[in-house]
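Structural data only, the sequence is not supplied:
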């Protein structure tokens, strides 16, 4: 089971993407733990997740998240995926970086 952490400014807009990703994962019978959090909260629980996906609005925090993540993948979600809450594409993006 993959554990995916989504981080953005307040955690609200990313919650739409979280739900979309969960729906897609369920449609392909993939068991996952996906959660959206504000960046401050995300930093506190980062060690519990396999990958961290950052909303485009917090791209400036990427280096800091990578330092805290200690080698775990930290990926900035492309704006075109984020803005349209494209759960399938975002889930595939996460898998791509988890399976490197």
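Right, received. Where do you want to start? Keep in mind that what you see is a predicted model, and the values were worked out from it rather than measured.

Next, count neighbours for residue 74.
For residue 74, the neighbour count with other CB atoms under 10 Å is 22. C-betas here are computed from N, CA, C, even on glycine.

what about it, distance to residue 26?
Taking CB to CB, to the nearest Å as the measure, residue 74 and residue 26 are separated by 25 Å.

Residue 17 too?
15 Å.

For those two, indicate the residue with more neighbours.
Between residue 17 and residue 26, counted using other CB under 10 Å, the more crowded position is residue 17 (26 against 11).

My guess is the more buried one contacts residue 77. True?
Yes: if you go by CB atoms under 8 Å, residue 17 and residue 77 touch, sitting 7.5 Å apart.

Mind listing the shared neighbours of those two?
Applying CB atoms under 8 Å, 6 or more residues apart in numbering, one finds that residue 17 and residue 77 are jointly contacted by 6, 90.

show me where pLDDT drops low in this structure?
Within the chain, the stretches with pLDDT under 70 are 11-12, 100.

what's the single longest helix in it?
Determined from DSSP state H, the single longest helix within the chain is helix 13-27.

who does that one touch, helix- and strand-wise?
strand 2-8, strand 32-38, helix 79-83, helix 87-98 (3 or more CB pairs under 8 Å, 6 or more residues apart in numbering; DSSP states H and E).

again, only this time at 7 Å
Packed against helix 13-27 by the contact rule (3 or more CB pairs under 7 Å, 6 or more residues apart in numbering; DSSP states H and E) you find strand 2-8, strand 32-38, helix 87-98.

Relative to residue 67, which of these is closest?
strand 2-8 (14.0 Å; CB to CB).

strands paired with that closest one, and their directions?
Strand pairing for strand 2-8, using DSSP bridges, gives strand 32-38 (parallel), strand 51-54 (parallel).

got the contact list for residue 69?
Applying CB atoms under 7 Å, 6 or more residues apart in numbering, we find residue 69 in contact with 46, 52.
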